[in-house]
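Colleague: sequence isn't available, so here's the structure alone:
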């Protein structure tokens, strides 16, 4: 029994911490966001150089061969540093699907993801789908040797910068039929593709993408797209949760420090017992979240864990992260008072990333509903 | 617009307050409970004398002709005084059903309820019915001019002292069919009736009652029992809520006073800000509950209130009472520390009555479910 | 006990309802919802209200106010919310005007009130300072007498819409006394005065409504002092109590709730409509039930004001519960919308959810202020602990 | 990172499981559940454990303990809870014994430990006093030296099972110093001593387990003093930290949760089984998810103890969350049972729900103590604020 990151994982984490210390102060981050793309291509190249972009990928594909624990380790630090560069969309979503795809030039493309020369995005959600990824109206129809995509995908994370897209599209069945979905790969600038980008509240980028008979390569078995997506969703939930845990730790630290310096009524506000107890509750919410993350990492890497148990653990984790993220975010702002409302302080930005995480691929209610099903439906 | 009790209602309330001051200190109450019946027959006679037992009944039946507001007014005070005499089972449940019944000697019986010479009980629930009053397995079969009851009723409030019983029994239909239920009246010592009494945690009395071919008079239209019960349930929910509001007020007062005298760490514990804020939350929970009670009283006595709105208001009230009762009860004990755990102090007894109320004819979850249905199912 | 209106009130209700239906046009509504051109839109709407004689709901008739009873005010407010119309910008009409007509000189009344009534002057509030938030009495901005003028130096913060303002009303320190609440004066300052700098504060809702206002030896005529020197705290406190009675915002929360219900009826997937999801329903009813209670809490206070009582610490209770409910609704609205609640507008909205999401996020983020300003909810709890529970 | 047991641990787990299956008989289980004959039932069960050598899980081998690793203790505890077996009565085995074998004299070890091991002496704890609850250092019971004896006067309160006790371990004041924590001594007192009165305190669960123990000039041989005079606070603190590590009660809460799920499968009405009600499910999962997190919090502390760390303030966290979860489960159990949870037993239980309800209510009511005793949750929050957050 051991609930700490390994020495190797700690080295990986520390490399991010050190880089962020030197290159990613809150002001430096803001400067990085002022680039046209909303992030720094130079940083991205550094991420590749330092090997971070290789973490999730198998050694046979030139990757680091990291497990879900390694992914959690780096995401926790990216969360603490509030990195806006599109790590999650590229490594977990696009990269995760690509590696599990049947793309003809998969090895080459993965190599480019790892060396930082290729950015991609996964187009999954649609405007009507809410948190139900099987609700897909975008269609793929056979067009000679190839397929042709039509319809609109929404909230494509990292969409504006993507050179390649992987698209979940319907090849058969009703609009919510899980077995009629397949994955397709195409260039973002292919004919019939129109990308409408917008920033998100956390400073990251997304896009709605219109497909109008765009030519694309089938990169999963026909009807096998949803199964691959579900596999990747396991990583998605862990990665987002780990990032959230990193953010919670940072917000708690910042809040405690602020109350020790802010004076009202002649004393530091950290001396008010009512506020102390609330900060204790924030601390407990963080410790809870971290503990369940660690538990989930152990159980998901244990072959003997049943599918039902894995579903329970993952949905429990995201339910708890959503609940505790909300508590910590709200309290962090409240205890900072007016200062917490300013764009100038980092607090609000951390809170907005936490909130964004709680809107991605499910919210508290939807995860708890799934937990209830996994836990009590038998 | 006016949200105060009327002068007449205040006189009624004050008569209870004065009586309780003189006759119902916590020690006097304990003494009263040491009677064989678990309460004082002498007090009951006083209640009749002071006219309290006539409040809900129509003037044509010799009653005070009180509205639901009058019932709330007295129940709030009975709650504050933590009266164990079976006011609610007799006036609201048994009396409420009796007055709406077709019993042949209804006028005579109501007169006896009002003059205190008759105690009765309503047998509604069964062991399997949980909070679903339509779930009735006790059957009534025609037996000559009369009916004959068979089966077991459970949690009959005031059962051990009852001389007369009104029983909800099945005359047709499946076990949860609402239209196959009728009301029956019989003597508690009729042949084929066996009463197994037990005390409740709040010091009041209940019984499980076995019927083995017991002869009974049909006192509703055939199949009309459930409709009458639903009408009475409107009073039931208001009466219990009003009682709970009275208890909350008392618990809050007691708790604030206790913290002002209890010293720890060299100061009264009322000086700890964390405890102050929790007592503020208790106070707000009480004010909320009281306000919604007042609102419900206004709306239920307003002819223009739709049935759906009335359902919303009543279920909202009991949901809120359950939630706030739990909060106030738990905090009252917690802030009393070890003393709150003793049988010797009144605090625990108030809490237990609050808890009992939240187990009668529905709990927080069941009421909120009904609210959801009334509010969002359209 | 009854919650019914008199027939005169019912008639008034109809009159108000008709007014909103006619005057609060679709065009105005769209501009309000988009939150652009705040100043010109508000002024246009307030002028309409003033034409009808309904812009100053809290003023006595003699100064051009409505002279309404508490019940009439309640009806007007409820109808306003039901119509989705915005409240008037409070700084002039609801905040400084009551101070001027209660404590000001005749000259001040004549000079300021008509221009406020007709939305000719835009006012802002100079109370909080960098070192004086919840602890307002710690304020440091100094006003030193110099002949017939005061020389004001210091800084005010969180000043909403200072960028639009013609005037600011300030609490300034004019003397040192044992009690910090003494020696504070209430001063009206022309924003065009030399030495005033307005520094924008961008807030987490990605908007600019807050500012820092810096005073560098600003010369203010002593005739702009309200009442007596050193007595400003008393005037401000009267105003604060006033500010809190409308803060329950029951009408606005009811509208917000209705909007969420309507939205949840259109959000549909394989499992059916969101509004039919028992877990979502329960999150909604957790709030709706509290809101029903809050409405009657509010009405009870209103009824007691109608029968002549003065606003007391119950205002704190309405503020705490009112803002908690607002924030809970803001959160649930985002959840009902889903991921689009995190999407900012770029060139245009991608679709209706995107548009709704943008509004929802903005009100969530800016809504965090509600539990902080006007006396934080922590301070309100202290007030109740002391004033009501005697702790 | 991994949460798997070694093969040796897995073997141990099987051994423990077999033991409980065989030795914790249906007859014992019934007596434990009914909560009658507490003393004789506990003693009988503890003697069985002692025969197997497993009664003193926290003791070193040299005194007859198991000498188990933290992981072994965890496994034993988990199996005990899964089997529904009771914990040992803690006062002798888990509370005073560690103080005796850590700080006691050889004579004390010889005299007391074997009798504790074999459940021959029943111990109780004399810490709290009427004026010293959360503020334990305010204790007033005095012990004055008189030759080779101490003369003890004062009163202890909330003394669980004092009515059964042969011995009580007490904190008593032996001197006055600047710091109140100084001048406190740790004394073992024979309950048969002259001058001791045990006054029962009936509690809100309608049971009698608590007592007041009054000392009226009780003569106690000085050889019953643990360690040095005036140093009792140090010994007690070591013990308190110990008490808190097992207070998360994960295993017991898991059993309680399982029981609620099973119960909710049998509670059926027109709308189906209670377990299928989404609102009930959600109340359940609110707790279960926190319990899953607590289990890993507990395991993380356990793992750090295994690698040599000493218990720190994280024990406070386990206590707060552990007791909050226990209480939430106690409440939900009552709700799942319904009105019968309010019914007391008279001559007999009317049916199985009545029986379950009685147990549920008792544990709910007595369970309120969990957030009060052993340092109230408020005090635990103060500890975390100070020791962890540095506030």
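Modeller: Nice, thanks for sending it over. Since we're looking at a predicted model, the values are computed, not measured.

Colleague: give me the pLDDT for the residue most central in space within chain C.
Modeller: Nearest to the mean C-alpha position of chain C, counting by Cα atoms, centre = their mean, stands residue C:90 at 5.6 Å. Looking at residue C:90, its pLDDT is 92.

Colleague: before we move on, what about residue C:240?
Modeller: 68.

Colleague: quick check, the residue in the stretch 51-200 of chain C closest to chain D?
Modeller: Closest to chain D within the stretch 51-200 of chain C is residue C:134: 18.0 Å, counting by Cβ to the nearest Cβ. Yep, even glycine has a C-beta here, placed from its N, CA and C like the rest.

Colleague: domain assignment for chain C?
Modeller: Taking automatic domain parsing as the domain assignment, the ranges for chain C are C:7-88, C:123-231, C:248-387.

Colleague: spell out whether the first one and chain A are in contact.
Modeller: Which is domain C:7-88. No: taking Cβ under 8 Å from any Cβ of the partner chain as the criterion, domain C:7-88 and chain A are apart, separated by no less than 15.6 Å.

Colleague: now stretch A:209-227: buried residues?
Modeller: Residues A:209-211, A:214-220, A:223-226 are the ones in stretch A:209-227 that count as buried (16 or more other Cβ atoms under 10 Å in any protein chain shown).

Colleague: with stretch A:32-45 instead?
Modeller: Quick answer for stretch A:32-45 (16+ other Cβ under 10 Å): A:32, A:33, A:37, A:38, A:39, A:40, A:43, A:44.

Colleague: for those residues, which one is nearest chain B?
Modeller: Relative to chain B, the closest of the buried residues of stretch A:32-45 is residue A:33; by Cβ to the nearest Cβ it sits at 39.1 Å.

Colleague: look up how far residue C:372 lies from the closest one.
Modeller: Using Cβ to Cβ, to the nearest Å, one obtains 27 Å as the distance from residue A:33 to residue C:372.

Colleague: quick check, residue A:214 in a strand?
Modeller: Yes: remark: residue A:214 belongs to a strand, assigned using DSSP: H, G, I helix; E, B strand; the rest coil.

Colleague: what's the burial count for the nearest residue to it once chain neighbours are set aside?
Modeller: Spatial nearest neighbour of residue A:214, chain neighbours left out: residue A:192 (3.5 Å); criterion: Cβ to Cβ, 6 or more residues apart in numbering or on different chains. Number of residues near residue A:192 (other Cβ atoms under 10 Å in any protein chain shown) recorded here: 15.

Colleague: one step back: can you lay out the buried residues of stretch A:209-227 as TSV showing pLDDT and secondary structure?
Modeller: As requested, these are exported to TSV (pLDDT from 0 to 100; DSSP: H, G, I helix; E, B strand; the rest coil):
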residue	pLDDT	secondary structure
A:209	98	strand
A:210	98	strand
A:211	98	strand
A:214	97	strand
A:215	97	strand
A:216	97	strand
A:217	97	strand
A:218	97	strand
A:219	98	coil
A:220	98	coil
A:223	97	coil
A:224	97	coil
A:225	98	helix
A:226	98	helix
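
Colleague: list the contacts of the worst-scoring helix or strand of chain A on mean pLDDT.
Modeller: Counting by mean pLDDT, DSSP states H and E, chain A has its least confident helix or strand at strand A:263-264, which shows a mean of 92. With Cβ atoms under 8 Å, 6 or more residues apart in numbering or on different chains as the test, strand A:263-264 has contacts from A:269, C:131, C:133, C:134, C:135, C:138.

Colleague: one more pass at 7 Å, please.
Modeller: Contacting residues not belonging to strand A:263-264 are listed as C:133, C:134, C:135 [Cβ atoms under 7 Å, 6 or more residues apart in numbering or on different chains].

Colleague: in TSV: those residues, plus pLDDT, secondary structure and neighbour count.
Modeller: Output for the contacts of strand A:263-264, formatted as TSV (pLDDT from 0 to 100; DSSP: H, G, I helix; E, B strand; the rest coil; neighbours: other Cβ atoms under 10 Å in any protein chain shown):
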residue	pLDDT	secondary structure	neighbour count
C:133	87	coil	24
C:134	85	coil	21
C:135	89	coil	18
